[in-house]
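*Asks:* what's the 3D shape of this:
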Amino acid sequence: MNAADEVAVAAFLAGEIAFLDIPRVIERVMARADDTAGASLEALLAADEEARVWAQEECQSCQS
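*Replies:* Prediction:
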C-alpha cells in the first residue's frame, strides 16, 4: 500500500527509523491488510487510513 510507504519514508526522513526498516514496515502493514480490490471509494479511503495508523505503529516498534 502506498499509504504505508508514505508513512515509512516520512519516518525515515525524520530520522525515526532506519532506511532498511522501510520495507519491513510496508511488509507488516500489507500482511495485516484486507484485499480491497473492486471496493468502493469509501472502503478504499478507510483502508488507506487504517494502513497509515498501522504503519505508524510499526514505525514506533522499529524505534524500540
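
*Asks:* distance check, Glu57 against Ala8.
*Replies:* Per CB to CB, to the nearest Å, Glu57 is found 12 Å from Ala8. For the C-beta atoms, the positions are set from N, CA and C on the backbone; glycine is no exception.

*Asks:* and these two? Which one has more around it.
*Replies:* Comparing Glu57 with Ala8 by neighbour count (other CB atoms under 10 Å), the higher total belongs to Ala8, at 26 against 14.

*Asks:* secondary structure class for that one?
*Replies:* Secondary structure, DSSP: H, G, I helix; E, B strand; the rest coil: Ala8 is helix.

*Asks:* that one reaches Met30, doesn't it?
*Replies:* No - look at Ala8 against Met30 with CB atoms under 8 Å: they stay out of range, at 11.6 Å.

*Asks:* what are the ranges of the helices in the chain?
*Replies:* Using DSSP state H, the helices assigned to the chain run over residues 2-13, 21-32, 41-63.

*Asks:* and the one helix or strand in the chain whose mean pLDDT sits lowest, what does it pack against?
*Replies:* Ranking every helix and strand in the chain by mean pLDDT, DSSP states H and E puts helix 41-63 at the bottom, with a mean of 94. Where contact means 3 or more CB pairs under 8 Å, 6 or more residues apart in numbering; DSSP states H and E, helix 41-63 is packed against helix 2-13, helix 21-32.

*Asks:* in JSON lines: those, plus mean pLDDT and distance to Leu41.
*Replies:* Formatted as JSON lines, the helices and strands packed on helix 41-63 follow (pLDDT from 0 to 100; distance: least, CB to CB, whole Å):
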{"stretch": "helix 2-13", "mean pLDDT": "97", "distance to Leu41": "15"}
{"stretch": "helix 21-32", "mean pLDDT": "96", "distance to Leu41": "20"}
